[in-house]
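**Q** Let's see this in three dimensions:
(one chain, ligands or ions: 2)
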Amino acid sequence: MILPIITYPNKQLKVRSSAVVNFDDLLHRFLDDMFETMMSSNGIGLAAIQVANPIRALILCIPDEEGEQSKENLIEIINPVIHDPKGNVLYQEGCLSVPGFYEDVERFETLMLQYQNRHGEPCTLEANELLAIAIQHEIDHLEGKLFIEKLTYNRRKKFEKEYKKALKEKK
Ligand code: Y12
Ligand code: CO
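**A** Ligands and ions are numbered 1, 2, ... in the order given. Purely as a prediction, here's the structure:
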């Protein structure tokens, strides 16, 4: 089932998500719906709060060298914790909850991630490049933070003006 994606400035996006404790069928069906929703919107990452569920779950499906996304590359990440972040990198980010806007954001270049999979099993992964950036972007969602909050004052002002204009034109 494709779920509606909440968009900025909806206040729900500011909610801090809570830890997942039940790794049951309901969670599995919800993760399946998140995948369908993300793929139907051409996303590469989606946090549960973006579809109005404030739980610490996110999914990522990084495209391969040909730019193709396949379910084999889907990573379901629950209750994540970042360890050992290193380096800095600038990347132009976009977000399904801030449609139509892309901005350069600074992130750690590499990191280690501890998380649980859909069965509650502990997992570890080492991330770099786009995966590391996407993990940080999605974990920020779990804290109620959007990438636009990392912009400088002037860039944020410019964004707000353009976004408001785009919203008005949509109506
Ligand atoms: C690097 C930077 C950010 C992330 C987080 C995941 N972000 C996305 O998956 C963004 C997807 C996105 C897709 C769009 O296309 C459609 O909606 C059809 C899009 O375009 C518009 O809204 C017009 C914007 C963002 C991971 C890695
Ligand atoms: Co996002």
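**Q** okay, which residue is most central for the protein?
**A** The C-alpha lying nearest the average C-alpha coordinate of the chain belongs to residue 138 (CA atoms, centre = their mean; 2.9 Å).
**Q** Return the residues in contact with it.
**A** Contacts here follow CB atoms under 8 Å, 6 or more residues apart in numbering; on that basis residue 138 touches 45-47, 58, 60, 77. C-beta coordinates here come from the backbone N, C-alpha and C atoms, glycine included.
**Q** can we see that at 10 Å?
**A** Residues in contact with residue 138 (CB atoms under 10 Å, 6 or more residues apart in numbering) are 44-50, 57-60, 77, 80, 95.
**Q** Same question for residue 101.
**A** Under the criterion of CB under 10 Å, 6+ apart, the contact partners of residue 101 comprise 8, 93-95, 147-148, 159, 162-163, 166.
**Q** Let's see which of the residues you listed end up in strands.
**A** Among those, the residues falling in strands (DSSP state E) are 93-94.
**Q** Dump the contacts of residue 101 to TSV, plus pLDDT.
**A** Below are the contacts of residue 101 laid out as TSV (pLDDT from 0 to 100):
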residue	pLDDT
8	98
93	98
94	98
95	98
147	98
148	98
159	97
162	97
163	96
166	95
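**Q** Please pick the buried ones from the contacts of residue 101.
**A** Buried positions within the contacts of residue 101, assessed by neighbour count (16 or more other CB atoms under 10 Å), are 8, 93-95, 147-148, 159, 163.
**Q** Report the entries of those residues that also contact ligand 1.
**A** Near ligand 1, judged by CB under 6 Å from any ligand atom, the entries from the buried ones among the contacts of residue 101 are 93-95.
**Q** in stretch 124-135, what's buried?
**A** Buried positions in stretch 124-135, judged by neighbour count with 16+ other CB under 10 Å: 127, 131-135.
**Q** And the helices in the protein, which stretches?
**A** In the chain, the segments counted as helices under DSSP state H are 25-40, 129-142, 153-170.
**Q** Can you tell me which of those helices is most buried?
**A** With neighbours defined by mean count of other CB atoms under 10 Å, none of the helices of the chain is more surrounded on average than helix 129-142, at a mean of 21.
**Q** For residue 132, report the pLDDT, please.
**A** pLDDT, residue 132: 98.
**Q** pretty sure it is touching residue 84, no?
**A** No: counting by CB atoms under 10 Å, residue 132 sits too far from residue 84 to count as a contact (11.3 Å).
**Q** Give me the common contacts of the two.
**A** Overlap between the neighbourhoods of residue 132 and residue 84 consists of 108, 110-113, 126, taking contacts as CB under 10 Å, 6+ apart.
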